[in-house]
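Asks: Next comes the sequence, and after it the predicted model I'd like to discuss.
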Amino acid sequence: MKQYLRLTIMLITTLCFFSSPALAIQNTGEVVIGDRTEYVIPFELDGHTIIVPVKFNGADTTYRFIFDTGGLTFVEPDIAAQLNLERGMTVPTFDSTVKAYSTILDTVNLGGARVVNLVGVIYDFLNSVGFTRYDGMIGSDFVSFYTVTIDYRAQTLTLSHDTDSLETVDGTFYASLTRQEMMGAPMADGMIEGHIPAECMIDVGSPYGLVMPLSWMDVLYGYQTSHLIPSVGIMAKWPYSEDKKNYLGRLKSLTLGDFTIEHVPVIFADVHDILIGRDILEQFVTIMNYPTCQMRIIPYHDMTFADNVFSVGLRIRRGPDNQVRVTGLWKNSPAHRAGIKPGDNVLAINDREISEYAMWELTDLFRNDSVTTVTINIRNEQGTHEYILNKEYILPEISK
């Protein structure tokens with residue numbers, strides 16, 4: 001009973017996504033030290049999403065879980081039933097119509113790395129956001145016992161028991177970490193525009209390079225926001241976000257520890273933290289020593305950071321009804337000028353029916369700079385329409 005009570009306190013601070021100074025993150029579970037000092041785990045990429053193999057409670061069945069440093073560990077209800085997981089107390093979520101229950105995961109095995117007696121959640125979340133073929137999520141509550149290395153090019157996740165302090169190495173960059181209160185996510189010590197201190201979440205679950213809370217627009221620009229590009233509808237949204245307009249802009253610089261990126265595109269959205277996501281993280285190997293709160297960045301020799309957004313300016317999502325709809329557009333983008341609107345139903349893209357696409361394929365198609373033209377078939381109240389959209393740079397050119 002005490003274990004479930006502790007879980008409930010933690011989940012109130014996490015699943016509700018409310019931050020309270022009185023309620024700090026509470027680690028649960030115990031790491032198992034075996035014969036190996038590190039575990040190199042190949043992962044799949046579904047668009048920006050990292051997929052890893054997970055086993056539970058000594059069983060042989062391997063499940064496919066999303067790995068997200070900005071999230072917590074939870075199991076979908078049908079998998080929980082297969083595992084005969086006990087449902088504890090009902091815990092609140094960001095959606096009152098979706099129930100979540102506390103549970104104790106006797107053993108969680110990620111590629112040989114094991115944690116026992118981990119507090120977890122039984123939660124029907126992934127179905128509601130379109131990830132129906134995955135079985136749950138592994139979060140920072142699990143990997144917080146390890147030194148974690150993420151290598152997008154090799155597509156490997158390495159968990160190491162060597163948690164001694166990271167040493168300075170030539171050609172690499174160093175940053176201090178803290179743990180975010182709500183989910184224990186890693187927060188890197190950073191700087192905005194060279195002089196404004198900021199903690200930045202290392203969030204492999206974010207598909208964008210840099211996302212900042214809407215409140216930062218006042219910090220950076222005050223009322224001088226005319227050079228920002230507003231959204232029509234919603235371009236970037238998280239499960240806890242309200243339907244607030246987004247804005248697209250560019251920072252002069254973003255610094256993580258002693259590593260600086262110049263001319264960084266940024267989306268302002270209804271989020272709680274500054275989020276560093278896939279578009280930036282894929283340019284280097286990231287090493288995070290959770291126990292000592294340190295991060296090392298190892299740049300690839302040919303790393304390149306985009307200073308603009310080459311796009312048709314359109315965001316689409318597949319809903320629980322399996323229909324793909326437009327959720328938002330950047331104002332004056334090719335898609336917006338063509339007359340496409342939020343809520344329009346997408347029937348086909350590039351002469352291929354939308355039902356034939358996986359979401360990662362659509363994501364790659366819109367993000368791939370070598371694909372310069374997109375043909376999209378839309379149905380709305382006025383009927384069906386075909387649009388031929390040529391990608392453009394959405395942000396203005398950088399002033400010399």
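Replies: Right, received. Where do you want to start?
Asks: Mind jotting down where the helices sit in the stretch 201-350 of the chain?
Replies: 215-221, 278-281, 334-338 (DSSP state H, counting those that start in this stretch).
Asks: Give me the helices and strands touching the shortest one, please.
Replies: Here helix 278-281 is seen to pack against no other helix or strand when contacts are counted using 3 or more CB pairs under 8 Å, 6 or more residues apart in numbering; DSSP states H and E. No exception for glycine: its C-beta is placed from N, CA and C like everyone else's.
Asks: all helices in the stretch 51-200 of the chain, in order from the N-terminus.
Replies: Taking DSSP H, counting those that start in this stretch as the criterion, the stretch 51-200 of the chain carries its helices at 77-82, 140-143.
Asks: for the helices of the stretch 201-350 of the chain, which one sits closest to residue 150?
Replies: Nearest to residue 150, of all those, is helix 278-281, at 6.9 Å by CB to CB.
Asks: Run through who's touching the closest one.
Replies: 48, 150, 152, 202, 204, 206-210, 261, 264, 305-306 (CB atoms under 8 Å, 6 or more residues apart in numbering).
Asks: Just give me the neighbour total for residue 197.
Replies: For residue 197, the neighbour count with other CB atoms under 10 Å is 9.
Asks: Revised request: answer the last question for residue 58.
Replies: 9.
Asks: which residue packs closest to it, ignoring adjacent ones?
Replies: residue 107 (5.9 Å; CB to CB, 6 or more residues apart in numbering).
Asks: The one you found and residue 85: what is the separation?
Replies: 12 Å (CB to CB, to the nearest Å).
Asks: Show the end-to-end separation of stretch 366-377, please.
Replies: In stretch 366-377, first residue to last residue: 15 Å (CA to CA, to the nearest Å).
Asks: Identify the residues contacting it?
Replies: Against stretch 366-377 from outside (CB under 8 Å, 6+ apart): 310-312, 314, 340, 346-351, 365, 384-391.
Asks: pLDDT of it, averaged?
Replies: Taken as a whole, stretch 366-377 carries a mean pLDDT of 92.
Asks: Show me how far that stretch is from its chain's centre.
Replies: Distance of stretch 366-377 from the chain centroid (CA atoms, centre = their mean, to the nearest Å) equals 23 Å.
Asks: returning to that earlier point: surely the residue nearest to residue 58 is in contact with residue 59?
Replies: No - in this structure, residue 107 is not within contact of residue 59 by CB atoms under 8 Å, at 9.1 Å.
Asks: between the two, who's got more neighbours?
Replies: Between residue 107 and residue 59, residue 107 has the larger neighbour count (other CB under 10 Å), namely 16 against 12.
Asks: ok, what's across the strand from the more buried one?
Replies: Residue 107 has the following beta-bridge partners by DSSP bridges: residue 116.
Asks: which residue ranges form the strands in the stretch 201-350 of the chain?
Replies: Assignment of strands within the stretch 201-350 of the chain using DSSP state E, counting those that start in this stretch yields the ranges 210-213, 229-233, 247-256, 259-269, 274-276, 284-289, 294-299, 310-311, 314-318, 324-330, 345-349.
Asks: What is the burial count for residue 225?
Replies: With other CB under 10 Å as criterion, residue 225 counts 15.
Asks: Find me the pLDDT at it, would you?
Replies: 72.
Asks: for residue 90, what are its contacts?
Replies: By CB under 8 Å, 6+ apart, the neighbours of residue 90 are 99, 100, 101.
Asks: comparing the strands of the stretch 201-350 of the chain, which gets the lowest mean pLDDT score?
Replies: Among those, strand 314-318 scores lowest, at a mean of 90.
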